[in-house]
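Visitor: Next come a sequence and a model predicted from it.
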Amino acid sequence: MLRIVIATTRPKALQAFRAALASDSEVHLKHAVSGAEALEATRTDAPQLVIIDADLPDTPPFDLVQKLLMVNAMVNTAVLSPLADEDFHEVSEGLGILSRLPKEPGESDAAELLCKLRKILVI
């Protein structure tokens, strides 16, 4: 079972992405609407992946990645970001983020993300 937390306040904008993730029988999705909820879910559910929207109301995405790693150093993260790849790399360097996703990811982004996750988890 792949436990994935999606932290966003924009579930409708991510509907196709979420549906593509949920269509995989091994994926169990949990929704969080804040960084605090994502942290709590990481403490209690030990997800393999936390997907973080750049627009959370209480925590900037890269700060949340650092906090998540303090709770569980083995958690993988992906960030929905409007930054260009080079800028994203510069800001996130050293955080071990699995993937930068577009602000409104789609089905193909979900498939690519699951493939990356399975490769590092050897599933």
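Guide: Looks like it arrived, so ask away. Everything quoted here is computed from the prediction, not taken from an experiment. Numbers count the residues shown, from 1 in each chain.
Visitor: switch to C-alpha atoms for all contacts and neighbour counts from now on
Guide: Noted.
Visitor: how would you label the residue sitting nearest the centre point of the chain: helix, strand or coil?
Guide: When the chain is reduced to its mean C-alpha position, the closest residue under Cα atoms, centre = their mean turns out to be I51, at 1.2 Å. Secondary structure for I51, judged by DSSP: H, G, I helix; E, B strand; the rest coil, is strand.
Visitor: If it is in a bridge, with which residues?
Guide: Beta-bridge pairing of I51, defined through DSSP bridges, involves I6, A78.
Visitor: Hmm, it is touching R3, no?
Guide: No - I51 lies out of contact with R3 (Cα atoms under 8 Å); the separation is 11.1 Å.
Visitor: mind listing what L39 touches?
Guide: 67-68, 71 (Cα atoms under 8 Å, 6 or more residues apart in numbering).
Visitor: can you confirm it is in a strand?
Guide: No - judged by three-state DSSP, L39 forms no part of a strand; its state is helix.
Visitor: if I look at it, how far off is K116?
Guide: Look at L39 and K116: by Cα to Cα, to the nearest Å, they are 22 Å apart.
Visitor: swap in R43?
Guide: The value you get for R43 to K116, if Cα to Cα is used, is 23 Å.
Visitor: cool, D55 as well?
Guide: The gap separating D55 from K116 is 24 Å, by Cα to Cα.
Visitor: Then L56?
Guide: On the measure of Cα to Cα, L56 and K116 end up 24 Å apart.
Visitor: Show me the strands in the chain, by range?
Guide: If DSSP state E is used as the criterion, the strands of the chain fall at 2-7, 27-32, 49-53, 76-80, 99-101.
Visitor: A16: neighbour count?
Guide: Here the neighbour count serves as a burial measure; for A16 (other Cα atoms under 10 Å) it reads 18.
Visitor: what residues are up against it?
Guide: For A16, the residues meeting the contact criterion (Cα under 8 Å, 6+ apart) are 105-107.
Visitor: Report the rounded mean pLDDT for stretch 24-40.
Guide: Taken as a whole, stretch 24-40 has a mean pLDDT of 98.
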